[in-house]
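>>> mind folding the following:
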Amino acid sequence: MSIHFELKKITTETLKKMKVSGEKISMLTAYDYSMAKLADEGGLEAILVGDSAANVMAGYESTLPITLDHMIYHAQSVVRAVKRALVIVDLPFGTYQSDPIQAYNSAVRIMKESGASAIKIEGGEEIKDSIKSILYSGIPVMGHLGLTPQSINKFGSFKLRAKELDEAEKLISDAKLLEKLGCFSIVLEKIPSDLAEKISRELSIPIIGIGAGNETDGQVLVIHDLLGMNKDFKPKFVRKYLNLHEEITVAVSQYVKDVKSKNFPNKEESF
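A predicted model of the protein is given here:
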């Protein structure tokens, strides 16, 4: 059964209007043409070309190794597939943190070379000059606070963030700063649900949660996690809607058997 949606391009303003109306925003990651096409046809409002491609597509333990060229390649593939959803691209580690000019150049490259509609950037007060530089150029920016994977070596683990009062207060301050600077939305990752609810209520821009409860303005997951493609990755905040790991490995195993038994290809599948 196919699902049909009105083919109206989603923009940053669409997301803001959805927050005002109380309609939840759905976002997933995608890194290639085929998966992005399927995700877009499923009716998402936003697709994130995440630097999590380093983990999912390349097998790295963190997001740190992925480069700007890699991100542009993945973004180009996704943009070619998407007709409706807003495409947002992560700025990778080392392309914006210390130099506003480098941040501007990195964001411009992504926008010009991929055709994406926005970028996402991790951090608050520490990177405000980089955010300003990008925003002044007219590029929409989505912020990212809480567990910021590019800072994993600083955190030391992927544990819950902002559980203690001082970190929670800083997160609230950073979120308000991002809104004031002009970010159109913020991702909150792996923080207490009540804190995410408070920020979502106090800010006028859409707040997208991952591991942050259901009172945010929307949700984001890695599409491979949702589809159950990695049997060993089982974080609490992921709901697996399929078990593709099992289905795919069973299918491949059957293909191997059919090839070895000369059952494939059969006469109908031959010329």
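>>> touching, M142 and V187? I think so.
Yes - using Cβ atoms under 8 Å, M142 is in contact with V187, at 6.5 Å. C-beta coordinates here come from the backbone N, C-alpha and C atoms, glycine included.
>>> any common contacting residues for the two?
120, 208 (Cβ atoms under 8 Å, 6 or more residues apart in numbering).
>>> in stretch 122-129, what's buried?
By neighbour count with 16 or more other Cβ atoms under 10 Å, stretch 122-129 contains the buried residues 122-124, 127-128.
>>> wait, which of those is closest to G22?
Proximity of the buried residues of stretch 122-129 to G22 (Cβ to Cβ) peaks at G124, which lies at 26.7 Å.
>>> show me what contacts that closest one?
Contacts of G124 (Cβ under 8 Å, 6+ apart): 143, 145, 170-171, 173-175, 177-178.
>>> among the buried residues of stretch 122-129, which ones are in helices?
K128 (DSSP state H).
>>> sorry, back to before: would a markdown table of the contacts of G124 with secondary structure, distance to I207 and neighbour count be doable?
Shown next, in a markdown table, are those (DSSP: H, G, I helix; E, B strand; the rest coil; distance: Cβ to Cβ, whole Å; neighbours: other Cβ atoms under 10 Å):
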| residue | secondary structure | distance to I207 | neighbour count |
| --- | --- | --- | --- |
| G143 | strand | 10 | 26 |
| L145 | strand | 10 | 25 |
| K170 | helix | 16 | 14 |
| L171 | helix | 12 | 21 |
| S173 | helix | 15 | 12 |
| D174 | helix | 13 | 21 |
| A175 | helix | 8 | 26 |
| L177 | helix | 14 | 16 |
| L178 | helix | 10 | 27 |
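>>> farthest pair in these?
Applying Cβ to Cβ across the contacts of G124, the maximum distance is between G143 and K170, 13.8 Å.
>>> now do the strands in the stretch 101-250 of the chain.
Listed in chain order, the strands found in the stretch 101-250 of the chain under DSSP state E, counting those that start in this stretch are 118-122, 141-146, 185-189, 207-210, 218-221.
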